[in-house]
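J.: Sharing a model prediction with you, sequence too.
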Amino acid sequence: MLGLMQDRPLLISHLIEHAARNHGDTEIVSRRVEGDLHRYTYADAHVRAKKMAEALQALGVVAGDRVGTLAWNGYRHFELYYAISGMGAVCHTINPRLFPEQIVYIVNHAEDRVLFVDLNLLPAVAKLAGQFKGVKHIVAMCGREQMPKDSGIPGLLCYEELLEGRPGTYAWPELDERTACSLCYTSGTTGNPKGVLYSHRATVLHAFAGSLPDTLNLSARSVVLPVVPMFHVNAWGLPYACAMVGAKIVFPGVALDGASLTALFETEKVSFTAGVPTVWLALLNHLAEKKQRLSTVRYAVIGGSAAPPAMIEAFQRDHGVEVLHAWGMTEMSPLGTVNHPKAKHAALDAAAQMANRLKQGRPPHGVEMAIVGDDGKELPHDGKAFGDLLVRGPWITSGYFKGEGGAVLREVPGRGGGWFATGDVATLDPDGYMQITDRSKDVIKSGGEWISSIDLENAAMAHPEVAEAAVIGIAHPKWDERPLLIVHRKAGSAVTKDALIQFLGSKVAKWWLPDDVQFVDGLPHTATGKILKTRLREDFKDYRLPTA
Ligand code: AMP
């Protein structure tokens, strides 16, 4: 027997409609690429999103078409999220930090019809435009007065001109909730990037789960500054979750340095922010240098890479900011786990509380997890056994765009099929907390045992003179692989290899200690801010360990 409840589809257009109707005067503040601050409300954003849907229709965009964006976090990008998906087309966000050839590959693979580009990215796009095969229109995301005289892009359109004279009365279509709404390519450290194609249903369910108190804890009282980019996994879903709960949004644009972020945090009274460790490193250094304190931020989410303990401590001790350690991936929309303590954890001592905080967190309802060994069989959730992490749920991918990479789902004996292998190696404990030990390809295999590169990096980063650290496995004739620690020292530091090894000696097992330390002027990062280990492996491919 079926239930008798209404079968209303879960649609992205309903989120902005809801925000405009119930939180119409709540502000969206943006630092524009031009440098100034722009303010308006959800009600304004809704009308402009409708006008943009009308403009896209006039440009010939139809349901299912891909519309690309190369843009930072700002109100026009926000309008495009809702206009494109709302009309049944697919909002394809493109990471401007990718190599030019990857951008060309992605635009052509997605078959983008129209491309929206922020002003400061136009020169780079002008160089590539000739190689975009199906792009009919390129639109500069600015007003008429900012339009470049000679952009080098034939027929370049102007965003504000496209909206002019439109009625703004567009009626959002009632789509099937499984309709594709947006597309994001994985960063692709190996091989070509692969597209993850989100649906309306997945996005709305992800926004519900993301707003829960033990997830991101968002409400109509939150002031949210997403440092995480809208060009990568939809800024962790914040543009949708904020509209769902009516939170004020503060978009930082392109200025993500410590001084610019601090100014916005303080003037807009930001209560919640989210970003990757590299951004927070720069912010905390800036604040320490200027002896400034954050006065309104209550939560800072750290995700994308493991949150170093020193960073969690600095946020808490120096700024009273509670760090929410989070884990996810492009293929998961992206939220998989967020770390909040349980009531019983209040009784633990400080060290035990910190040990728990370092875990990547618990999944909200909707994300199922399993860890399996080399034989594919499930391992116990005892917080000790670690294996390949598999996930299943309604906002997790079932396969890549156009079938790239073939079938991705597998079976876990005793728990059925439909599991996605994350490529991470993790433990699960009886309270539901997941802890990443490593990326499966980064784990160091020494004498048949595994050494966690993340644990070693965290231990090294706790040294006061270390700016950033990475650990990679180097081939060893006896042990198969041994760890090499690569360190970027803080300015003015002359800390030595011996001093660092001695420091690590008190933190990790003796057989984990790196066989050598190499100093570099800076570590390479991926377009999404992760340490680029493939580059480090390439840079050190001829390096021989002194112990080899
Ligand atoms: P992406 O799809 O680019 O967002 O990358 C997802 C990957 O980033 C995950 O599979 C993890 O390897 C890594 N990652 C994300 N969050 C964390 C975290 N909190 N700790 C450790 N690794 C993380």
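T.: Looks like it came in fine. What you see is a predicted model, and the numbers here were worked out from it, not measured in a lab. Numbering: from 1, shown residues only.

J.: drop to CA atoms for contacts and neighbour counts, all remaining ones
T.: Fine.

J.: So which elements touch the lowest-mean-pLDDT helix or strand in the chain?
T.: Least confident helix or strand, the chain: strand 449-451 with a mean of 82, by mean pLDDT, DSSP states H and E. Judged by 3 or more CA pairs under 8 Å, 6 or more residues apart in numbering; DSSP states H and E, strand 449-451 is in contact with strand 444-446.

J.: rerun at 10 Å
T.: strand 434-439, strand 444-446, strand 480-489 (3 or more CA pairs under 10 Å, 6 or more residues apart in numbering; DSSP states H and E).

J.: mean pLDDT for those strands: which is lowest?
T.: Lowest mean pLDDT within the helices and strands packed on strand 449-451: strand 444-446, at a mean of 87.

J.: pLDDT (mean, whole number) over the longest strand along the chain?
T.: Determined from DSSP state E, the single longest strand within the chain is strand 416-428. Per-residue pLDDT over strand 416-428 has a mean of 96.

J.: what about that strand, distance to the chain center?
T.: 19 Å (CA atoms, centre = their mean, to the nearest Å).

J.: ok, now stretch 505-514?
T.: For stretch 505-514, the distance to the chain centre is 31 Å (CA atoms, centre = their mean).

J.: go on, stretch 268-282?
T.: The answer for stretch 268-282 is 13 Å, by CA atoms, centre = their mean.

J.: Could you look up the SS state of Ala171?
T.: coil (DSSP: H, G, I helix; E, B strand; the rest coil).

J.: wait, doesn't Gln102 sit right on Pro193?
T.: Yes - taking CA atoms under 10 Å as the definition, Gln102 is a contact partner of Pro193 at 7.7 Å.

J.: The strand or helix carrying Ile472 to strand 480-489, inter-axis angle?
T.: Element membership of Ile472 [criterion: DSSP states H and E] is strand 466-476. Per axes from the mean of the first three to the mean of the last three CA atoms, to 10 degrees, the angle that strand 466-476 makes with strand 480-489 is 160 degrees.

J.: What is strand 466-476 packed up against?
T.: Strand 466-476 packs on helix 277-290, strand 444-446, helix 453-461, strand 480-489, strand 516-520, helix 533-539, going by 3+ CA pairs under 10 Å, 6+ apart.

J.: which stretch among those comes nearest the ligand?
T.: helix 453-461 (7.7 Å; CA to the nearest ligand atom).

J.: how does the protein divide into domains?
T.: Using automatic domain parsing, the domains assigned to the chain come out as 12-28+40-202, 367-441, 443-539.

J.: Give me every residue in the chain lying close to the ligand.
T.: Residues of the chain found near the ligand (CA under 6 Å from any ligand atom) are 186-187, 303-306, 325-330, 360, 422, 424, 436, 439.

J.: ok, and for the longest helix seen in the chain, which residues are buried?
T.: What stands out as the longest helix in the chain, according to DSSP state H, is helix 42-58. Neighbour-count burial for helix 42-58 flags 42-56 (criterion: 16 or more other CA atoms under 10 Å).

J.: circling back: can you lay out the helices and strands packed on strand 449-451 as CSV showing mean neighbour count?
T.: Converted to CSV, these look like this (neighbours: other CA atoms under 10 Å):
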stretch, mean neighbour count
strand 434-439, 24
strand 444-446, 21
strand 480-489, 23
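
J.: pLDDT weak spots in this protein?
T.: 187-191 (pLDDT under 70).

J.: and among the domains of the chain, the most buried is which?
T.: Mean neighbour count (mean count of other CA atoms under 10 Å) peaks for domain 12-28+40-202 among those, with a mean of 20.

J.: and it, how far from the chain's centre?
T.: 19 Å.

J.: Quote the end-to-end distance of it.
T.: 10 Å (CA to CA, to the nearest Å).

J.: before we move on, what about stretch 444-462?
T.: End-to-end distance (CA to CA), stretch 444-462: 21 Å.

J.: Then stretch 379-398?
T.: 23 Å.

J.: gap between it and the chain center?
T.: The answer for stretch 379-398 is 20 Å, by CA atoms, centre = their mean.

J.: was I right about Glu465 contacting Arg489?
T.: Yes - contact criterion CA under 10 Å: Glu465 and Arg489 qualify, at 6.0 Å.

J.: what is in contact with those two at once?
T.: Val495 (CA atoms under 10 Å, 6 or more residues apart in numbering).

J.: quick one on the thing from earlier: distance to Ser271 for the domains of the chain - can I get that in JSON lines?
T.: Compiled in JSON lines, those are given as follows (distance: least, CA to CA, whole Å):
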{"stretch": "domain 12-28+40-202", "distance to Ser271": "14"}
{"stretch": "domain 367-441", "distance to Ser271": "25"}
{"stretch": "domain 443-539", "distance to Ser271": "23"}
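
J.: Minimum distance to Lys290: which of those has it?
T.: Closest of those to Lys290 is domain 443-539, at 16.1 Å (criterion: CA to CA).

J.: What residue in the stretch 1-150 of the chain comes nearest to the ligand?
T.: For the stretch 1-150 of the chain, CA to the nearest ligand atom, closest residue to the ligand: Asn95, 11.0 Å.

J.: Thought Thr69 was touching that residue, still the case?
T.: Yes - taking contacts as CA under 10 Å, Asn95 lies within contact range of Thr69: 8.7 Å.

J.: Same list (the helices and strands packed on strand 466-476) but as CSV, adding distance to Arg392.
T.: Listed next are the helices and strands packed on strand 466-476 as CSV, based on distance: least, CA to CA, whole Å:
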stretch, distance to Arg392
helix 277-290, 27
strand 444-446, 27
helix 453-461, 25
strand 480-489, 33
strand 516-520, 40
helix 533-539, 28
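
J.: Show me the helices in the stretch 51-200 of the chain, by range?
T.: 75-86, 100-110, 122-128, 159-163, 200-211 (DSSP state H, counting those that start in this stretch).

J.: between the first one and helix 42-58, how many degrees?
T.: Orientation check (the same axes, to 10 degrees): helix 75-86 against helix 42-58 gives 60 degrees.

J.: check contacts around the nearest residue to the residue of the stretch 1-150 of the chain closest to the ligand once chain neighbours are set aside.
T.: Using CA to CA, 6 or more residues apart in numbering and skipping residues adjacent in sequence, the residue nearest Asn95 is Phe231, 5.2 Å away. Phe231 makes contact with 69-73, 77, 92-97, 183-185, 528, according to CA under 10 Å, 6+ apart.

J.: Remind me which helix or strand Phe231 belongs to.
T.: Here Phe231 is assigned to no helix or strand, by DSSP H and E.

J.: follow-up on the earlier one: who does the least confident helix or strand of the chain pair up with?
T.: Its sheet considered, strand 449-451 pairs with strand 444-446 (antiparallel) by DSSP bridges.
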